[in-house]
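**Q** need a 3D model of the following:
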Amino acid sequence: MEKPWFVYLLECVDGTLYTGVTTDLERRVEEHNSSIKGAKYTKVRRPVVLRYSESFESRSEAQKREYELKSLDRAEKLRLFS
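**A** Below is the predicted model:
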């Protein structure tokens, strides 16, 4: 059985939001907070906090949802985890 894929929303220390996909949510959040493997965007906005995630059976499904989330305005994203 394949690992599930996750789409996630992070809140950065400056209040901005970051959306991504991964197969290992815990590892990826840790990378965003302390590793050179974190996204360029989050490296200068640490620490980040996981605010929302969804799981999917395939990378394709997760990336489609990531695109949908990135298309939402800030208020709509905030409603997902408020």
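
**Q** any idea how far apart the tips of stretch 4-18 sit?
**A** End-to-end span of stretch 4-18 (CA to CA, to the nearest Å): 20 Å.

**Q** repeat for stretch 31-44
**A** 13 Å.

**Q** same check on stretch 40-51?
**A** 19 Å.

**Q** ok, which stretches of this protein are strands?
**A** Secondary structure of the chain (DSSP state E): strands located at 5-12, 17-22, 48-56.

**Q** deepest-packed of those strands, please.
**A** Of all the strands of the chain, strand 5-12 has the most neighbours on average by mean count of other CB atoms under 10 Å, namely a mean of 22. From N, CA and C alone the C-beta is placed, and that goes for glycine too.

**Q** any idea what the residue most central in space within the chain is bridged to?
**A** What sits nearest the mean C-alpha location of the chain, by CA atoms, centre = their mean, is Y8, with 3.0 Å. On the basis of DSSP bridges, Y8 is bridged to G20, S53.

**Q** mind listing what L50 touches?
**A** Neighbouring residues of L50 by CB atoms under 8 Å, 6 or more residues apart in numbering: 8-10, 25, 29.

**Q** circling back: could you dump the strands of the chain to CSV with distance to S82?
**A** Below are those laid out as CSV (distance: least, CB to CB, whole Å):
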stretch, distance to S82
strand 5-12, 11
strand 17-22, 12
strand 48-56, 9
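
**Q** relative to I36, which of those strands is closest?
**A** strand 48-56 (14.9 Å; CB to CB).

**Q** that closest one vs strand 17-22, what angle?
**A** Calculated by axes from the mean of the first three to the mean of the last three CA atoms, to 10 degrees, strand 48-56 forms an angle of 50 degrees with strand 17-22.
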